[in-house]
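> Sequence and computational prediction follow.
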Amino acid sequence: ALFAAIREGQAEVMTDTIERVTADGIALASGERLDADILVTATGLELCMLGGVRFEVDGAPVEIAHTWSYRGLMFSGLPNLAHVFGYINASWTLRSDLVTSWVCRLLKHMDATGTTRCVPRLRPQDEGMAEYPITQDFSPGYITRRLHLLPKQGVQAPWHHAQDYASDRKTLLRGELEDGALRFDDPARTVTAGRV
């Protein structure tokens, strides 16, 4: 019914910021006023990173908000975990395809090197870098209300997610996996070697 009403010119969709509710409707930041008999507040979307799963590493809880975003697809200090966070300025699936290709490259690399764990960690040159929100110049309320729960990003690779398909395509499809920030090992082999 909504789309039919829009198509027939009986309704319109407006993008603006509500400045205040008035006696007979709402006043918008642009100065325009909209008459309304009923207001339905439906802005309760709550962004939940990774479905609200609680993570632990060696028994210690990991707060995603205290991690750094590695290439926009992993989190510092969390081993063997990749996720898809698509583009906010282009098709989500463009980045999804790149991330899955990168994960396949990573798994093949781990198989070839006999490693079972990879974990992003800040390198000495990354210590003390400026922190930025995971999304910049993107201000929908459902994002800005939850920025404090999302990982942070830095100013330099691999801790910066530029939202740039051409750059990501080059880095994720052909970039070096052994970049000094992504650490590889085999904990079972390390423990066994330590007991000998």
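Cool, got the structure. Treat the numbers as computed from the prediction; the structure is a model and nothing was measured.

> Ramachandran angles for Leu149?
For Leu149, the backbone dihedrals are phi -100, psi 0 (criterion: degrees, to the nearest 10).

> Can you show me the strands along the protein?
For the chain, applying DSSP state E gives strands covering 18-22, 25-28, 33-35, 55-57, 60-62, 69-70, 74-75, 117-120, 132-133, 152-153, 182-185.

> Counting by contacts, list what the last one packs against.
Applying 3 or more Cβ pairs under 8 Å, 6 or more residues apart in numbering; DSSP states H and E, we find strand 182-185 packed against helix 92-113, strand 117-120. For the C-beta atoms, the positions are set from N, CA and C on the backbone; glycine is no exception.

> how about those, which one is nearest Ser76?
strand 117-120 (4.9 Å; Cβ to Cβ).

> What's the separation between the residue nearest the centre of the chain and Gly72?
Ranked by distance to the mean C-alpha position of the chain (Cα atoms, centre = their mean), the top residue is Phe85 at 4.4 Å. Here the distance between Phe85 and Gly72 works out to 6 Å (Cβ to Cβ, to the nearest Å).

> who touches both of the two?
With contacts taken as Cβ atoms under 8 Å, 6 or more residues apart in numbering, the residues that reach both Phe85 and Gly72 are Arg95, Ile134, His161.

> pretty sure the first one is touching Val84, no?
Yes - the pair Arg95 and Val84 passes the contact test of Cβ atoms under 8 Å, sitting 6.9 Å apart.

> Between these two, tell me which one has more neighbours.
With other Cβ atoms under 10 Å as the criterion, Arg95 and Val84 differ in neighbour count, and Arg95 comes out ahead with 23 against 15.

> dump the residue contacts of the closest residue in space to that one that isn't next to it in sequence.
Excluding the flanking residues, the one nearest Arg95 by Cβ to Cβ, 6 or more residues apart in numbering is Gly86, at 4.3 Å. Shown in contact with Gly86 (Cβ under 8 Å, 6+ apart): Trp92, Thr93, Leu94, Arg95, Ser96.

> and what of Asn80?
Neighbouring residues of Asn80 by Cβ under 8 Å, 6+ apart: Arg117, Cys118, Val119.

> Next: Glu178.
Counted by Cβ under 8 Å, 6+ apart, Glu178 has contacts Phe184.

> and what of Ala23?
Neighbouring residues of Ala23 by Cβ under 8 Å, 6+ apart: there are none.

> pLDDT score for the closest residue to Arg146 other than its chain neighbours?
Spatial nearest neighbour of Arg146, excluding adjacent residues (Cβ to Cβ, 6+ apart): Leu47 at 4.2 Å. On pLDDT, Leu47 comes in at 79.

> what's near enough to touch Leu47?
By Cβ under 8 Å, 6+ apart, the contact set of Leu47 is Tyr142, Ile143, Arg145, Arg146, Leu149, Leu150.

> how far away is the residue lying closest to Tyr87 once chain neighbours are set aside from Glu46?
By the measure of Cβ to Cβ, 6+ apart, the closest residue to Tyr87 outside its immediate chain neighbours is Arg95, 5.1 Å from it. Distance check for Arg95 against Glu46: by Cβ to Cβ, it reads 23 Å.
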